[in-house]
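Peer 1: Let's see this in three dimensions:
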Amino acid sequence: MIDVVMPQMGESIVEGTLTKWLKKPGERVERDEPLFEISTDKVDTEIPAPAAGILKEVLVEEGKTVGINTVVGRIDESGDGQGSDVAPSARSAAGGATASPAEQAPEPRRAAAESITPTPVPPPASSREDINAPQPAAAAAAPSVPAEEPPGPLSPLVRKMAREFNIDLRQIRGTGAGGRITKQDLENYMSQQAARTVASVTAPAYGEPARAAQAPAMPPAPPAEQELPPLPRAEAPRARIEPMSTMRQKIAEHMVFSKRTSAHVTTVHKVDMTKVARMRERYKADFQRRYGFSLTYLPFVTRAASAALRQFPIVNASIEGTNIIYHNDINIGIAVALENGLIVPVIRNADEKNIVGLQRAIVDLSTRARSRQLKPDEVQGGTFSITNFGSFGSVFATPIINQPQVAILGVGSVEKTPVVVEDAIAIRSVCYLALTFDHRLIDGALADQFTGAVKHILENWSEEIL
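Peer 2: Here you go, the predicted model:
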């Protein structure tokens, strides 16, 4: 028997919410096949089965939040699912239930008694008026029509919103791929229902026109008195209330915890990226053709940061109580924006990779993060983080440290800007690097030296790409 546990999806994660079981007890599951979905402050993701066999027990229900390493289910590796302690419902679901002889043969006396048709007794006079009334028993005996499932897969957030607000998903037309119902579809539906409720409250009561028609005729009033004030228009609701997703709640807790733990300070440096921009422009077509993905600015910054971390190992450290932990490996986390949150997958031994290797790792991790295919060990073990808010057009920002690290580097957008170069105005490709550091361990002078080292490498780039 194999235990299925709640995995740890990050060093600072202590619990997760099991949002959905993808298999039912008694069903067969293959090794590495998605078994259940979880939600943490890092990511909503599918967890694969640790072994092949029959899902024998489900110990944690959907929607429950439990600590990491908690046993949430068990898999029977024997694969037959017919153990003596398997629940009868599970055996029936697997097709292995067999009725006993006593259950198969009806009792003779009971069969004889059921074959006798009782003589109908006329109802009392007082109840004859109710003979034609609908009978509950007859209604219950009507065949039930299975409810039609909404098209397309549903995300855990959509299912949770529908459950909490008691929404029938069959009434909603999905606008996602293949008719899939999205969060926006639910929000639009809820807004429309709220507007209809307001309209029904402000509309005239039913039957008022009929009563007005029966009123005695009155002498015609002057034209000025015949004008009636317009009815108030139904206004759309001014606010919408919806619960935070589990991922959003965990992000909020993690960010508040980080601000409460570290003494945050941010220093910003302006970097001339002209040499990098020219090299990228010269090679990006060949790079795309040779490797199948685009060449961005992020691997250049990651490469420069890796080299600077070797020069300033304290920036690659972490704090545990009153101890400083210096990490020998340089494992850089790259922040990836998701539909309803973010995650920071880790590039391990980033200082050992060239531009091609770093770009490949960034594309691979970000793609699998958005498709919920990251493994638990790919979002933990980071020693330093980089967030590229410039990809959305931001010039610079003040990022929050990803605990238990002591620094995070923010990269702004690279823009062509007129600058003064040797007493002349020139057009240069410029970006801002924002380093947020923990002042408990790193002083301002050291933080500026580290960021200055990253700046120097980028401004004097000489390493070939291909």
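Peer 1: pLDDT weak spots in the stretch 101-250 of the chain?
Peer 2: Per-residue confidence of the stretch 101-250 of the chain (counting by pLDDT under 70) places the weak regions at 101-156, 176-178, 195-235.
Peer 1: hmm, 80 instead?
Peer 2: Under the criterion of pLDDT under 80, the regions of the stretch 101-250 of the chain flagged as low confidence span 101-161, 164, 175-180, 182-184, 186-187, 191, 193-237, 245-247, 250.
Peer 1: List the contacts of F396.
Peer 2: For F396, the contacting residues are 268, 389, 410, 412, 432-434, taking C-beta atoms under 8 Å, 6 or more residues apart in numbering as the criterion. Quick note: C-beta positions are derived from backbone N, CA and C, even for glycine.
Peer 1: longest strand of this protein?
Peer 2: Longest strand of the chain, by residue count under DSSP state E: strand 424-438.
Peer 1: neighbours around E415, how many?
Peer 2: 14 (other C-beta atoms under 10 Å).
Peer 1: again with T175
Peer 2: By other C-beta under 10 Å, the residues close to T175 number 12.
Peer 1: Surely it and T182 touch.
Peer 2: Yes: the criterion here is C-beta atoms under 8 Å, and T175 meets it with T182 at 6.4 Å.
Peer 1: Which single one of the contacts of F396 is nearest to L342?
Peer 2: Checking those against L342 with C-beta to C-beta, the nearest one is F389 at 10.8 Å.
Peer 1: per-residue confidence at that closest one?
Peer 2: On the pLDDT scale, F389 is placed at 93.
Peer 1: do the one 3 residues further on as well
Peer 2: In the prediction, the pLDDT value recorded for F392 is 90.
Peer 1: ok, now which ones touch it?
Peer 2: If a contact means C-beta under 8 Å, 6+ apart, then F392 has A337 as its contacts.
Peer 1: how close does it get to V265?
Peer 2: Between F392 and V265 the distance is 24 Å, computed by C-beta to C-beta, to the nearest Å.
Peer 1: repeat for Q193
Peer 2: 48 Å.
Peer 1: Report whether the expected contact of V271 with Y432 is present.
Peer 2: Yes: the pair V271 / Y432 is scored as a contact, 7.2 Å apart, by C-beta under 8 Å.
Peer 1: And the spatially closest residue to I319 that is not a sequence neighbour, how close does it get to V276?
Peer 2: Leaving aside its chain neighbours, I319 sits nearest to L441 (5.9 Å; criterion: C-beta to C-beta, 6 or more residues apart in numbering). Using C-beta to C-beta, we find L441 at a distance of 30 Å from V276.
Peer 1: which of the two has more neighbours?
Peer 2: Regarding L441 and V276, a neighbour count based on other C-beta under 10 Å identifies V276 as having more, with 23 against 17.
Peer 1: so where does that one fall, helix or strand?
Peer 2: helix 274-291 (DSSP states H and E).
Peer 1: Mind listing what's buried along that helix?
Peer 2: Buried residues in helix 274-291, counted by 16 or more other C-beta atoms under 10 Å: 274-277, 279-280, 283, 287.
Peer 1: And stretch 171-190, by the same measure?
Peer 2: Neighbour counts over stretch 171-190 (16+ other C-beta under 10 Å) mark 172, 174, 176, 180-183, 185-186, 189-190 as buried.
Peer 1: Dump these to TSV, plus distance to N69 and secondary structure.
Peer 2: TSV is the format used below for those (distance: C-beta to C-beta, whole Å; DSSP: H, G, I helix; E, B strand; the rest coil):
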residue	distance to N69	secondary structure
I172	38	coil
G174	37	coil
G176	35	coil
R180	34	coil
I181	34	coil
T182	34	coil
K183	31	helix
D185	37	helix
L186	34	helix
Y189	39	helix
M190	38	helix
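Peer 1: Among these, give me the pair with the biggest separation.
Peer 2: Every pair in the buried residues of stretch 171-190 was compared (C-beta to C-beta); the two farthest apart turn out to be R180 and M190, at 17.7 Å.
Peer 1: Direction included, what does the helix or strand containing G73 pair up with?
Peer 2: Assigning secondary structure by DSSP H and E places G73 in strand 71-76. Taking DSSP bridges as the criterion, strand 71-76 pairs within the sheet with strand 2-5 (antiparallel), strand 53-58 (antiparallel).
Peer 1: Figure out which of these is closest to A305.
Peer 2: When the strands paired with strand 71-76 are compared for distance to A305 using C-beta to C-beta, the nearest one is strand 2-5, at 34.7 Å.
Peer 1: Which SSE is immediately downstream of that closest one?
Peer 2: For strand 2-5, the succeeding helix or strand toward the C-terminus, using DSSP H and E, is strand 15-21.
Peer 1: Parallel or antiparallel, which strands does that next one pair with?
Peer 2: Each strand pairing with strand 15-21, determined using DSSP bridges, is listed with its direction: strand 34-39 (antiparallel), strand 64-67 (antiparallel).
Peer 1: outside of the helix or strand following that strand, which residues touch it?
Peer 2: Using DSSP H and E, the next helix or strand after strand 15-21 towards the C-terminus is strand 28-29. The list of residues contacting strand 28-29 from outside it, by C-beta under 8 Å, 6+ apart, reads 23, 35, 49, 52-55, 75, 79, 81.
Peer 1: Now do the domain split for this structure, please.
Peer 2: 2-91, 263-459 (automatic domain parsing).
Peer 1: how far out from the middle of the chain is the longest one?
Peer 2: Taking the mean C-alpha point of domain 263-459 and that of its whole chain, the gap between them comes to 24 Å (C-alpha atoms, centre = their mean, to the nearest Å).
Peer 1: how long is that domain end to end?
Peer 2: 30 Å (C-alpha to C-alpha, to the nearest Å).
Peer 1: If you count neighbours, what's buried in stretch 411-429?
Peer 2: Within stretch 411-429, the residues scored as buried using 16+ other C-beta under 10 Å are 411-414, 428-429.
Peer 1: I'd like to know how far the nearest residue to F287 once chain neighbours are set aside sits from Q288.
Peer 2: Computed as C-beta to C-beta, 6+ apart, the closest residue to F287 that is not its neighbour in sequence is L295, at 4.3 Å. Summarising the geometry, the distance separating L295 from Q288, computed by C-beta to C-beta, is 7 Å.
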